[in-house]
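> A structural model of the following input is requested.
(6 chains)
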There are 4 protein chains.
Amino acid sequence: MPKVGMQPIRREQLIRATVATIAEYGFADATIARISRSAGLSGGIISHYFGGKNELLAATMRWLLRELQTETGRRLRRANDPIERVEAIVGASFDTDQFTRGVSTAWLAFYGQIPHEPQLARLHRVYMRRLRSNLRHAFRQLMAPQASSDAAEGMAAMIDGIWVRMALVDQEPDIARARRLTGEYLDMLVSRNAAGEKARSVAT
Amino acid sequence: MPKVGMQPIRREQLIRATVATIAEYGFADATIARISRSAGLSGGIISHYFGGKNELLAATMRWLLRELQTETGRRLRRANDPIERVEAIVGASFDTDQFTRGVSTAWLAFYGQIPHEPQLARLHRVYMRRLRSNLRHAFRQLMAPQASSDAAEGMAAMIDGIWVRMALVDQEPDIARARRLTGEYLDMLVSRNAAGEKARSVAT
Amino acid sequence: MPKVGMQPIRREQLIRATVATIAEYGFADATIARISRSAGLSGGIISHYFGGKNELLAATMRWLLRELQTETGRRLRRANDPIERVEAIVGASFDTDQFTRGVSTAWLAFYGQIPHEPQLARLHRVYMRRLRSNLRHAFRQLMAPQASSDAAEGMAAMIDGIWVRMALVDQEPDIARARRLTGEYLDMLVSRNAAGEKARSVAT
Amino acid sequence: MPKVGMQPIRREQLIRATVATIAEYGFADATIARISRSAGLSGGIISHYFGGKNELLAATMRWLLRELQTETGRRLRRANDPIERVEAIVGASFDTDQFTRGVSTAWLAFYGQIPHEPQLARLHRVYMRRLRSNLRHAFRQLMAPQASSDAAEGMAAMIDGIWVRMALVDQEPDIARARRLTGEYLDMLVSRNAAGEKARSVAT
DNA sequence: CATGAATGAGAGTTCATTCAT
DNA sequence: GATGAATGAACTCTCATTCAT
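Next comes the predicted model:
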């Protein structure tokens, strides 16, 4: 019998190499040769385990999203009120493990590809819906419906914007600042929209 | 007799075709053949006018940035106080001409490439510095230095985030909402930080 | 303007090189590299003119069939009676230009591929129908319907069999013998089935 | 304890899978993976039992030829005169077990490869010589030497031609017609050439 | 005896670039 | 000024083979 049970090990090995290679060379120049070399394996192995490059890329994005969702879930379970729930969602996005230049560069590369790769688009759509749903649900307990929808969209935009800017600046991300910006934004959203207990009607 | 003065015409023709082609096919699949076909010209013409594909891409990004800066400048010149200056900067970003799905998709594609293409990185760095400088300068007249730096960064992130999300959703951008989100964010930033000085109410 | 009107020249050049390469290396080992080298051109040119290898192969088979049909047509036009018509069809198959080891080897290679390549199958089906139709039409004037159908099939099988055996023997084809075998077969078919004027009924 | 005597079982299992796979996918696309999957075994097994793919292919052709020769021998032993000997040889070629579309497709595929694979060429040459020798020997007792040589070649061509055409048509072979065509051809050959000796009437 | 993990050579294809016209 | 013929390097993918288990 051959070495058995290598599949999950090799798959993760190759996925990590894909993130690293995209981060280093960009999406267009993340070739199979570079990825497999980065994983210390031969090029043929990618077809063997993933069927092709596109599947590897999709698996990589799925893996990145799952990491994020797992962390989000972990934090949400510890949250006790709506504000803590928003903080959990935001906090997961800036979790130190994921929030590195390499990962943000890979994210940005995937973002650039999403509009043209239905498989990636589908993965991202699912993630986006869940994020929005989570945020809206939390905000709805803090303000009027229309305001909560905008708050959710605003907070999501803020998170994405910070991520994007991290990838575009050649420094390691400033986590403290990311937390401060989102924290204060949340603070302001809540203060403005929920004066006392009676929600102020928001002029649209 | 040879047609003279074709250069600027052809260059813009090709640049517009590049934006359209990237928007349609993505960065990786925006080939010279497709771009030139979209421009109604032959493939060889790109070397002729730009020297190569990379130069065309750089010229395209420069062109996109310039459009934005021109609009920003035009609006800034009409602004009478710091708040109007911020509004001018934000407003230029969501100007109806530029703020379309096609353009945002092209932007996102360029963003994904910036970390790996020094020429693009340089162009973007210049733009980013100017944007940040403009925002900080305005905010500094409205709040304390540390707060103004964060406010500038936060507003920049919000703008980028909204742009990115526009490209990732398969609908035409909701300009009204973009203005509302940034307008309220500005409002809150000013209200919170401008204790003492009398906060001007921001017209959205 | 570039060199113009190269397309038909290059296409025939590449088709001839394909026949030669298949004859030399066999179907499986007739690679693009070998074919284009044999044509004195680069490998990329095949995509340029044919779109891909499969299209080149189909074009090559079409070309071979057309050569045969042209020669058949030429001879048929000179035939004055049913027997001469059969002789024209058979004779075209053993025309000295086409009836060489190289061509017969290429034919055999295509034959082996026909059952698995719908495009080739379609081309061959058309050719086969026309051949059968021509033969039947001629034989029908010489004998009873059922007999003429069998005679047509028998003669077609004889032609194919001789071709195949030519490719399988490492000598240049013996044209004289091919003509003798088919000639005598035709002779016998006619004598047996058309005794005098009244067609003898054939026992099945 | 190890399973003993698996070798002949596995070899035949793999050879039959090879015929089936070639018939289904063609020579070029009959990969080791497909063949071994069709045999319900793993890919590595082929090297184990045959040393490599080429050896498996050669063994498969040898097996096909042997099947034919065995049947030919069986029938020849029951033949009582020259005409029955020819009928035995022809009959073996159209034996119902072998004369199926699958087998004829595989044959045709091998035929296409024979000119380029010395090992296959050798196998086929031996078979062809024996066939020709058997046919000539029988015909020599029925006609003059030169005529008998042509008759043998003609009959061999007829057999091959019918086989080839079977593989090229997408219907199951019409065995009755194959027997009728060859039977009448034999009849005619004997009638024409056996002037003087009294031609035995051939029972079809 | 049998597996399937892993390799690496080689295939077809794409594409930016060059250049004669 | 503009074309498109032609190249050749680079890419993805396939596949026969090897080998530890």
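> Looking from DNA strand E, tell me which residue of chain A is nearest.
Across chain A, no residue is closer to DNA strand E than A:Gly44, which sits at 2.1 Å (Cβ to the nearest atom of the strand). (Glycine included, C-beta is placed from N, CA and C.)
> Next, the contact list for that residue, please.
Contacts here follow Cβ atoms under 8 Å, 6 or more residues apart in numbering or on different chains; on that basis A:Gly44 touches nothing.
> Also A:Val86?
Applying Cβ under 8 Å, 6+ apart, one finds that A:Val86 lies in contact with A:135, A:138-139, A:155, A:186.
> so where do the helices sit in chain A?
Secondary structure of chain A, counting by DSSP state H: helices at A:6-25, A:32-38, A:44-50, A:53-77, A:82-93, A:101-113, A:118-140, A:145-168, A:175-193.
> between these, which one is nearest to D:Arg192?
Relative to D:Arg192, the nearest member of the helices of chain A by Cβ to Cβ is helix A:44-50, separated by 62.4 Å.
> Check whether that closest one comes near DNA strand F.
Yes: part of helix A:44-50 sits near DNA strand F under the criterion Cβ under 7 Å from any atom of the strand, namely A:44, A:46-48.
> Of those, just the buried ones, ChimeraX syntax please.
Only the buried members of the residues of helix A:44-50 next to DNA strand F enter the following ChimeraX selection, criterion being 16 or more other Cβ atoms under 10 Å in any protein chain shown:
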select /A:46
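> Which one of the residues of helix A:44-50 next to DNA strand F is nearest to D:Arg10?
Nearest to D:Arg10 among these: A:His48, at 25.2 Å, using Cβ to Cβ.
> per-residue pLDDT, that closest one?
Per-residue confidence for A:His48 comes out at a pLDDT of 93.
> That one and A:Leu56, how far apart?
According to Cβ to Cβ, to the nearest Å, A:His48 and A:Leu56 sit 11 Å apart.
> same deal with A:Tyr185?
From A:Tyr185 over to A:Leu56 the distance is 36 Å, taken as Cβ to Cβ.
> Kindly report the same for A:Gln171.
Shown here: A:Gln171 relative to A:Leu56, a distance of 29 Å by Cβ to Cβ.
> Name the residue in these two with the higher neighbour count.
For A:Gln171 and A:Leu56, the more surrounded residue by other Cβ atoms under 10 Å in any protein chain shown is A:Leu56, and the numbers stand at 23 against 7.
> list the contacts for that one?
Residues near A:Leu56 by Cβ under 8 Å, 6+ apart: A:14-15, A:18, A:35, A:46, A:50.
> can you do 10 Å?
A:11, A:14-15, A:17-18, A:30, A:32, A:35-36, A:46-47, A:49-50 (Cβ atoms under 10 Å, 6 or more residues apart in numbering or on different chains).
> of all those, which comes closest to chain B?
Checking the contacts of A:Leu56 against chain B with Cβ to the nearest Cβ, the nearest one is A:Ala30 at 9.8 Å.
> Report pLDDT for that closest one.
Note for A:Ala30: predicted pLDDT of 96.
> so it makes contact with A:Leu14?
No: checked against Cβ atoms under 10 Å, the pair A:Ala30 and A:Leu14 is beyond contact range at 11.9 Å.
> so what sits against both of the two?
A:21, A:38, A:56, A:60.
> Can you get me a residue count around the second one?
Yep, that's A:Ser38 we're talking about. The burial count assigned to A:Ser38 is 19, neighbours taken as other Cβ under 10 Å.
> Can you read off the pLDDT for it?
For A:Ser38, the model assigns a pLDDT of 95.
> cool, the first one as well?
On pLDDT, A:Thr21 comes in at 96.
> what's the spacing between it and A:Ala176?
29 Å.
> Give me the more crowded residue out of those two.
In terms of neighbours (other Cβ under 10 Å), A:Thr21 is the more surrounded of A:Thr21 and A:Ala176; the figures are 25 against 9.
> Buried residues, stretch A:159-179. List them.
Along stretch A:159-179, these residues count as buried under the neighbour rule (16+ other Cβ under 10 Å): A:159-169, A:173, A:177-178.
> for the closest residue to A:Ala20 other than its chain neighbours, what are its contacts?
Counting by Cβ to Cβ, 6 or more residues apart in numbering or on different chains, the nearest residue to A:Ala20 once its immediate chain neighbours are dropped is A:Ser38, at 5.7 Å. A:Ser38 makes contacts with A:13-14, A:16-21, A:24-25, A:30, as judged by Cβ under 10 Å, 6+ apart.
> what stretches of chain A score poorly on pLDDT?
In the predicted model, chain A carries pLDDT under 70 at residues A:1-4, A:195-204.
> who in it is up against chain C?
Applying Cβ under 10 Å from any Cβ of the partner chain, we find that chain A lies next to chain C at no residue.
> okay, now the closest residue to chain C within chain A: neighbour count?
Closest approach between chain A and chain C, counting by Cβ to the nearest Cβ: A:Gly52, at 18.8 Å. Applying the criterion other Cβ under 10 Å, we find 11 residues in the vicinity of A:Gly52.
> go on, A:Ser149?
The burial metric for A:Ser149, expressed as a neighbour count using other Cβ under 10 Å, is 17.
> One more: A:Gly51?
As a burial measure, the neighbour count of A:Gly51 was computed by other Cβ under 10 Å and equals 11.
> How about the contacts made by it?
Neighbouring residues of A:Gly51 by Cβ under 10 Å, 6+ apart: A:Ala59.
> How about A:Phe99, nearest residue that isn't a chain neighbour?
Across the structure, with Cβ to Cβ, 6+ apart as the measure, the residue nearest A:Phe99 apart from its sequence neighbours is A:Pro173 (5.5 Å).
> In stretch A:94-104, which residues are buried?
Residues of stretch A:94-104 classed as buried under the neighbour-count rule (16+ other Cβ under 10 Å) are A:94, A:98-101, A:103-104.
> which one of those residues sits closest to DNA strand F?
Taking Cβ to the nearest atom of the strand as the measure, DNA strand F sits nearest to A:Val103 out of these, at 20.7 Å.
> what's A:Ala167 in contact with, if anything?
Taking Cβ under 10 Å, 6+ apart, we find A:Ala167 in contact with A:23, A:101-109, A:111, A:173, B:111-112, B:114-115.
> try A:Arg165
Shown in contact with A:Arg165 (Cβ under 10 Å, 6+ apart): A:104, A:108, A:173, A:178, B:111, B:128, B:153, B:156-157, B:160-161.
> switch to 6 Å and redo it
Residues in contact with A:Arg165 (Cβ atoms under 6 Å, 6 or more residues apart in numbering or on different chains) are B:157, B:160.
> Could you do the one 3 residues further on as well?
Shown in contact with A:Leu168 (Cβ under 6 Å, 6+ apart): B:Ile114.
> quick check, nearest of the contacts of A:Val86 to chain B?
Using Cβ to the nearest Cβ, the shortest approach to chain B within these belongs to A:Met155, at 9.4 Å.
> okay, now the closest one: neighbour count?
If you count neighbours by other Cβ under 10 Å, A:Met155 ends up with 27.
> which one is it nearest to, not counting chain neighbours?
A:Leu135 (5.7 Å).
> can I assume the one you found is in contact with A:Ala152?
Yes: the pair A:Leu135 and A:Ala152 qualifies as a contact (Cβ atoms under 6 Å) at a distance of 3.7 Å.
> Without its sequence neighbours, what residue ends up closest to A:Ile159?
Leaving aside its sequence neighbours, A:Ile159 is closest to A:Ser93 (5.0 Å, by Cβ to Cβ, 6+ apart).
> Identify the residue spatially nearest to A:Thr96, adjacent ones excluded.
Residue nearest to A:Thr96 in three dimensions, not counting chain neighbours: A:Ile175, with 6.4 Å by Cβ to Cβ, 6+ apart.
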